[in-house]
Structures are given as C-alpha cells and as structure tokens.
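> Fold the following for me, if possible:
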Amino acid sequence: MTDSLLESYVKYLQTERSASRYTVRNYSHDVAVFREFLAREGVPSLEEVDRIVLRRYMAHLLETDVARASIARKLSALRSFFKYLVREKVIGGDPMKNTASPKLQKRLPTFLAVDEAKELVQAPDASTPLGQRDRAIIELLYAAGIRVSETVGLDTGALDLAKGELRVRGKGNKERIVLMGKPAGEALRWYLSRGRGELVGERDVPALFVNRFGNRLTQRSVELIIRKYGAQAGLQKKVFPHLLRHTFATHLLEGGADLRVVQELLGHVSLASTQIYTHVTPGHNRRAYLAAHPRANARLEPE
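As a prediction, this is how the structure comes out:
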C-alpha cells in the first residue's frame with residue numbers, strides 16, 4: 001500500500017464524503033495501522049487481503065487488548081477503505097463484505113434530570129457578553145439537541161427566531177431543520193442584541209457563536225464552557241455537550257414524543273441510532289402503558 005494511495009483515500013473522505021476532521025484523522029490512522037500489520041505479516045499487496053488475513057488482524061487486535069469499541073471503529077475504517085479501493089478498481093473484490101464486527105456491550109446514555117438541566121442553563125451570568133453567549137449555547141444544545149460540531153458551525157443566517165427554527169448542517173453535509181423553544185429563542189435574542197455585538201465589534205463575522213476576540217468558537221471551547229458551568233452548578237455528573245443531546249432526546253421521549261420525530265430532529269439516518277434512547281425511565285414505560293392500554297385502569301367487575 002503506497003503513501004499516494006492512502007493520501008488519495010484521505011482526499012476522498014474530505015471532498016466526496018464530507019467527513020469530519022476527526023473521522024478523517026481516525027480512519028487514516030486506522031488504515032495506516034493495518035498497513036503496518038500487513039507488512040509484518042508479509043502480505044505483499046492489497047489484492048492478497050482475504051477473510052483469513054482479516055481474521056488474523058482481528059485476533060491480533062484482541063491479543064493486544066484493544067477495546068472492542070476501538071476494534072469496531074478500525075473495521076469500519078477498513079470497510080470504507082476497501083469500498084473505495086473497489087470503486088477505484090485498485091482491487092477486484094471487497095474482502096470486508098462478509099466480515100462482522102465484534103459485538104459491543106450496549107451502554108445506556110447518561111442524561112440530566114429536568115432540575116439538573118435547569119440548573120445548568122441558569123448557571124451563566126447573563127449580565128456579561130460572555131455569559132449571554134454561554135447561556136444561549138447551553139439553552140440551544142438542550143432545546144435543539146444539536147451536535148457540538150453543528151453548534152460551532154452555525155451562522156447568524158441559520159436562525160429563524162420568529163418560527164423558533166434553525167437550519168443545521170450535520171453529518172455528510174446534510175441540512176435539516178430543528179426546533180427550539182421560547183427560552184432558547186429569548187436567550188439567543190438577548191445574546192444577538194447585546195453580547196455578540198460587543199464581542200464582534202465592527203467586524204463582519206458570519207459565525208453565530210464567537211470568542212472574546214470575535215472569532216468563531218471551536219468545539220474544544222464549547223466543551224470547556226459546558227464543563228465549567230456543570231461544575232459551577234454543582235452537578236455530580238460529568239457534563240459535556242453530547243450529554244445535552246442525550247438529555248434532549250430522553251426528555252422528548254419521556255414527554256411522549258414519537259421516536260421517528262426524535263430521529264428526524266437528531267439527524268439520525270437510522271432509527272436504530274435513536275432507539276438507544278427508548279430506555280428512558282421505568283416510570284415513562286409505566287405512564288405510557290397506563291395511558292395507552294384500554295384495560296390498564298379498568299376495575300374488575302364482580303360476576
């Protein structure tokens with residue numbers, strides 16, 4: 001496997017797949033690691049890679065105590081890479097076609113209780129420009145359930161505060177409309193009419209959320225902001241941006257939202273990705289049963 005082939009694959013991920021920089025970094029690293037394995041094993045070319053070679057690679061990863069989640073990601077990178085090779089006619093067939101990933105133990109997503117979410121959104125000092133920005137960010141993450149990458153990529157033109165809507169560009173460069181409630185809308189109005197102008201000054205900056213120098217916020221900055229206010233609010237859980245996405249989905253389902261509606265709002269391609277949130281709470285299951293079953297509350301009539 002030549003360096004130029006790996007470079008062309010990386011370019012494909014960036015331009016045609018519109019992959020995030022994290023995906024590009026991880027996938028290119030995983031393919032490079034596989035190349036090193038092939039060299040050690042004496043596999044002369046990619047045409048020689050078959051199910052037996054792939055099984056040896058998986059065994060090697062397991063023997064070196066690589067976590068199953070990491071193995072699954074590495075195999076996902078190889079699936080993408082070999083599909084690319086077939087498309088480019090570098091190889092004749094896809095050796096990954098019938099290769100299964102190791103089964104992963106499903107983890108239920110953590111989320112904030114309603115009171116905890118309220119404490120978090122109220123933590124910033126809304127009398128300062130940075131506090132107004134931070135309140136708007138937290139309100140929006142919780143109200144719309146958008147990813148942190150989608151949040152920092154927002155421009156002011158994406159907002160329709162009158163309708164309580166937001167145009168978001170998500171994974172694969174796909175655009176979707178998400179909704180937000182009145183508190184998030186008010187927090188954004190306050191920030192746009194006051195704090196943002198002080199941060200941006202006279203500069204023409206399209207970014208919705210900016211730092212103290214008027215430049216677009218980074219994902220890392222938002223992660224630090226959320227962590228800071230989680231500690232400030234005295235929350236015992238580890239608080240991070242994706243936790244608010246989990247919280248958004250869980251609270252919607254607890255409130256009776258349809259799973260497919262939540263799927264669309266989250267921007268999930270597959271319903272299976274959304275179904276992890278159906279764990280919600282035992283109380284939600286009981287309420288849904290009592291509300292839906294015609295005999296749930298009926299009294300036994302004496303004979």
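> in its sheet, what does the helix or strand hosting Arg167 sit against?
Here Arg167, judged by DSSP states H and E, is contained in strand 165-169. If you go by DSSP bridges, strand 165-169 pairs up with strand 159-160 (antiparallel), strand 175-179 (antiparallel).
> Pull out the buried residues from the longest one.
Going back to what we said before, that points to strand 175-179. Val178 (16 or more other CB atoms under 10 Å). Where C-beta positions appear, they are placed from N, C-alpha and C, glycine not excepted.
> Now it: average pLDDT?
In this model, strand 175-179 has a mean pLDDT of 91.
> cool, stretch 124-144 as well?
Mean predicted confidence for stretch 124-144 is 96.
> cool, and stretch 234-254?
Averaged across stretch 234-254, pLDDT comes to 91.
> returning to that earlier point: show me the one of the strands paired with strand 165-169 that comes nearest Asn211.
strand 159-160 (19.2 Å; CB to CB).
> Outside of that closest one itself, list whatever touches it.
With CB atoms under 8 Å, 6 or more residues apart in numbering as the contact definition, strand 159-160 has outside contacts at Glu165, Leu166, Arg167, Leu188, Leu208.
> Could you give me the PyMOL syntax to select whichever of those residues are buried?
Typed into PyMOL, the next command selects the buried ones out of the contacts of strand 159-160 (criterion: 16+ other CB under 10 Å):
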select buried, resi 165+166+188+208
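> In JSON lines: the contacts of strand 159-160, plus pLDDT and distance to Val222.
Putting the contacts of strand 159-160 into JSON lines (pLDDT from 0 to 100; distance: CB to CB, whole Å) gives the following:
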{"residue": "Glu165", "pLDDT": "93", "distance to Val222": "21"}
{"residue": "Leu166", "pLDDT": "92", "distance to Val222": "16"}
{"residue": "Arg167", "pLDDT": "94", "distance to Val222": "19"}
{"residue": "Leu188", "pLDDT": "96", "distance to Val222": "15"}
{"residue": "Leu208", "pLDDT": "97", "distance to Val222": "12"}
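> Include distance to His251 when you put the contacts of strand 159-160 into JSON lines, please.
Shown next, in JSON lines, are the contacts of strand 159-160 (distance: CB to CB, whole Å):
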{"residue": "Glu165", "distance to His251": "19"}
{"residue": "Leu166", "distance to His251": "18"}
{"residue": "Arg167", "distance to His251": "23"}
{"residue": "Leu188", "distance to His251": "20"}
{"residue": "Leu208", "distance to His251": "24"}
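> nearest to Asp125, of the contacts of strand 159-160?
For the contacts of strand 159-160, the closest approach to Asp125 (CB to CB) belongs to Leu188, at 17.0 Å.
> Look up phi and psi at the closest one.
Dihedral angles phi and psi of Leu188 (degrees, to the nearest 10) take the values phi -70, psi -40.
> Now do it against Leu179, distance only.
Using CB to CB, to the nearest Å, we find Leu188 at a distance of 13 Å from Leu179.
> before we move on, what about Gln236?
For Gln236, the distance to Leu179 equals 30 Å [CB to CB].
> Next: Lys11.
Lys11 is 36 Å from Leu179, by CB to CB.
> now Ala249
Distance of Ala249 to Leu179, computed by CB to CB: 13 Å.
> Repeat that for Ala257.
11 Å.
> before we move on, what about Val53?
Distance from Val53 to Leu179, counting by CB to CB: 49 Å.
> same question, His246
Going from His246 to Leu179 by CB to CB gives 18 Å.
> can you check Gly92 too?
Taken as CB to CB, the span from Gly92 to Leu179 is 48 Å.
> those strands in the stretch 1-150 of the chain, which residues are they?
Secondary structure of the stretch 1-150 of the chain by DSSP state E, counting those that start in this stretch: no strands are present.
> what ranges do the helices span in it?
For the stretch 1-150 of the chain, applying DSSP state H, counting those that start in this stretch gives helices covering 3-15, 21-41, 51-63, 68-87, 114-121, 129-144, 148-152.
> Helix 129-144 and the fifth one, what's the angle between them?
In other words, helix 114-121. Here helix 114-121 points in a direction 150 degrees away from that of helix 129-144 (axes from the mean of the first three to the mean of the last three CA atoms, to 10 degrees).
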